[in-house]
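# predicted model follows, preceded by the sequence.
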Amino acid sequence: MAAIDLPPARVTHEVLNQPPPLEHYNLFEQDRVLVEALAREGADWARERASALGDIAGGEPLAWGAQANTHTPVLRTHDRYGHRIDAVEFHPAWHHLMRLAVQHELHALPWRTPRPGATRRGQRCSSRSARPKPATAARSR
């Protein structure tokens, strides 16, 4: 089969109506309401911790969040022989996000850190700073 020579790709126009990619920013520091809520609830002691997590979450975890939203968990009720297994398959991005959350104690902050503001509200502040904001509207199933 003969190779076809294609002309090199060329730029047809400059695209000016698109925002730059939303990446590499601190999710905590950019969320004014969250920063104010942390202070209001008496959890100023957690600001540095939340900011560090927000900085991490504004990097590669943004891509993990997009992947996790695209590849939703799949319930497998039976194996190929018809035996009941009730297993849920998760995309690796889900595991990366869960590992990050556990490493930063988001699952147990109110119980492991008995300080002012380390309540369920304080936990919500930390988990909110780690949760990437969706770039697109949620799909309906």
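In hand now; what should we look at?
# relative to Leu75, how far out is His13?
46 Å (Cβ to Cβ, to the nearest Å). All C-beta atoms are positioned from the backbone trio N, CA, C, and that covers glycine.
# surely Leu38 is within a helix?
Yes. According to DSSP: H, G, I helix; E, B strand; the rest coil, Leu38 belongs to a helix.
# that one and Arg49 touch, don't they?
No. Leu38 sits out of contact with Arg49 when judged by Cβ atoms under 8 Å, with a separation of 10.0 Å.
# which one of those two has more residues nearby?
Leu38 (25 against 17; other Cβ atoms under 10 Å).
# on that earlier part again, comparing His13 and Leu75, which residue is more hemmed in?
Neighbours were counted for His13 and for Leu75 using other Cβ under 10 Å; Leu75 has more, 9 against 5.
# that one: what's it in contact with?
86-88 (Cβ atoms under 8 Å, 6 or more residues apart in numbering).
# quickly find the element holding it.
Applying DSSP states H and E as the criterion places Leu75 in strand 74-78.
# what strands flank that strand, and is each parallel or antiparallel?
strand 84-89 (antiparallel) (DSSP bridges).
# so whichever helix or strand comes after the strand it pairs with versus strand 84-89, what angle?
Using DSSP H and E, the helix or strand that follows strand 84-89 towards the C-terminus is helix 92-103. Relative orientation of helix 92-103 and strand 84-89, computed by axes from the mean of the first three to the mean of the last three Cα atoms, to 10 degrees: 80 degrees.
# low-confidence stretches in this structure?
1, 119-141 (pLDDT under 70).
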